[in-house]
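K.L.:
Just a sequence and a predicted model for now, questions to come.
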Amino acid sequence: MTYIAQFEEITRQYTITFEDEDGTELQSGLVAYGQTPSYTGETPTKAATDEYTFTHSGWTPEITSVT
């Protein structure tokens, strides 16, 4: 009798976390290799100072597919 190994493909998944500027976790979840994560929560805000107001302009680093 001959036994042949069988394999199942399992796509790797990675935990992706979006954080506010102060380190507060806004959203976290698994994203499959090759997929692009997306933020689905409320737009982050930052309190105004006497000199400036702030608007969310993106994420650092830039969002790219998971590798």
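P.N.:
Everything's here; your move. Numbering: from 1, shown residues only.
K.L.:
To which secondary structure element is residue 26 assigned?
P.N.:
Residue 26 is part of strand 25-32 when elements are defined by DSSP states H and E.
K.L.:
by contact count, what packs against that strand?
P.N.:
On a contact count with 3 or more Cβ pairs under 8 Å, 6 or more residues apart in numbering; DSSP states H and E, strand 25-32 meets strand 13-19. The C-beta positions use only the backbone N, C-alpha and C, and glycine is treated the same way.
K.L.:
how about the strand it packs on as CSV, C-alpha atoms only?
P.N.:
What follows is strand 13-19 as a C-alpha-only set of coordinates in CSV (Å, rounded to 0.1, in the frame of the first residue of the first chain):
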residue,chain,number,x,y,z
GLN,A,13,-4.2,36.1,7.8
TYR,A,14,-2.8,39.0,9.7
THR,A,15,-4.2,41.2,12.4
ILE,A,16,-4.4,44.8,11.2
THR,A,17,-5.0,47.5,13.8
PHE,A,18,-6.0,51.1,13.1
GLU,A,19,-5.0,53.5,16.0
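K.L.:
what about that strand, distance to the chain center?
P.N.:
Between the centre of strand 13-19 and the centre of its host chain there is 4 Å, according to Cα atoms, centre = their mean, to the nearest Å.
K.L.:
pLDDT averaged over it - what is it?
P.N.:
Over the span of strand 13-19, the pLDDT mean works out to 98.
K.L.:
For the most centrally placed residue in the chain, which non-adjacent residue is spatially closest?
P.N.:
Residue closest to the average C-alpha location in the chain (Cα atoms, centre = their mean): residue 16, at 3.6 Å. Among residues not flanking residue 16 along the chain, residue 37 sits closest, at 4.4 Å (Cβ to Cβ, 6 or more residues apart in numbering).
K.L.:
so who does the one you found touch?
P.N.:
Residue 37 makes contact with 16, 29, 31, 63, 66, according to Cβ atoms under 8 Å, 6 or more residues apart in numbering.
K.L.:
Out of those residues, which two sit at the greatest distance?
P.N.:
In the contacts of residue 37, two members sit farther apart than any others by Cβ to Cβ. They are 29 and 63, at 13.6 Å.
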